[in-house]
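**Student:** curious how this folds, go ahead:
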Amino acid sequence: MPNVEQALTCLRVCQMLSNGYQPIHVFRYNQNTKTVFILAGVTESLEILIFQDGQWKFNDDEA
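**Tutor:** Residues are numbered from 1 along each chain as shown. This is a model prediction of the structure:
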């Protein structure tokens with residue numbers, strides 16, 4: 001389960017996406033890495049990672 005800091009950040013990030021009319025396609029907590037992954041966007045995919053400390057970043061890995 002995400003911790004409180006992650007949960008609050010998830011709420012803020014999802015609200016920002018919603019304010020920009022961006023659909024959220026995937027919302028997943030990874031128990032191995034202890035991160036939340038969000039996939040959103042209409043024409044361009046936005047991948048967002050939320051870490052245990054509540055920090056977040058766009059995932060721009062070219063894997």
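
**Student:** the host helix or strand of residue 11 packs against which elements?
**Tutor:** Assigned by DSSP states H and E, residue 11 belongs to helix 4-19. The contact analysis (3 or more CB pairs under 8 Å, 6 or more residues apart in numbering; DSSP states H and E) places helix 4-19 against strand 24-30, strand 35-40, strand 46-50. (Each C-beta comes from the backbone N, C-alpha and C, glycine too.)

**Student:** how about the residue nearest in space to the middle of the chain, what does it touch?
**Tutor:** For the chain, the residue sitting closest to the mean C-alpha position, by CA atoms, centre = their mean, is residue 38 at 3.5 Å. Contacts for residue 38 (CB atoms under 8 Å, 6 or more residues apart in numbering) come out as 10, 13, 14, 17, 24, 26, 27, 28, 46, 47, 48, 50.

**Student:** okay, and the beta partners of residue 37?
**Tutor:** Beta-bridge pairing of residue 37 under DSSP bridges involves residue 28, residue 49.

**Student:** so who does it touch?
**Tutor:** 26, 27, 28, 29, 30, 47, 48, 49, 50, 59.

**Student:** and which of those is nearest residue 6?
**Tutor:** residue 50 (5.4 Å; CB to CB).

**Student:** tell me the confidence at the nearest residue to that closest one once chain neighbours are set aside?
**Tutor:** Among residues not flanking residue 50 along the chain, residue 36 sits closest, at 4.0 Å (CB to CB, 6 or more residues apart in numbering). With respect to pLDDT, residue 36 has a value of 98.

**Student:** okay, buried residues for stretch 48-63 please.
**Tutor:** Using 16 or more other CB atoms under 10 Å as the test for burial, stretch 48-63 gives 48, 49, 50, 54, 56.

**Student:** which residues touch that stretch?
**Tutor:** With CB under 8 Å, 6+ apart, stretch 48-63 has contacts from 2-3, 5-6, 8-10, 13, 34-40, 46-47.
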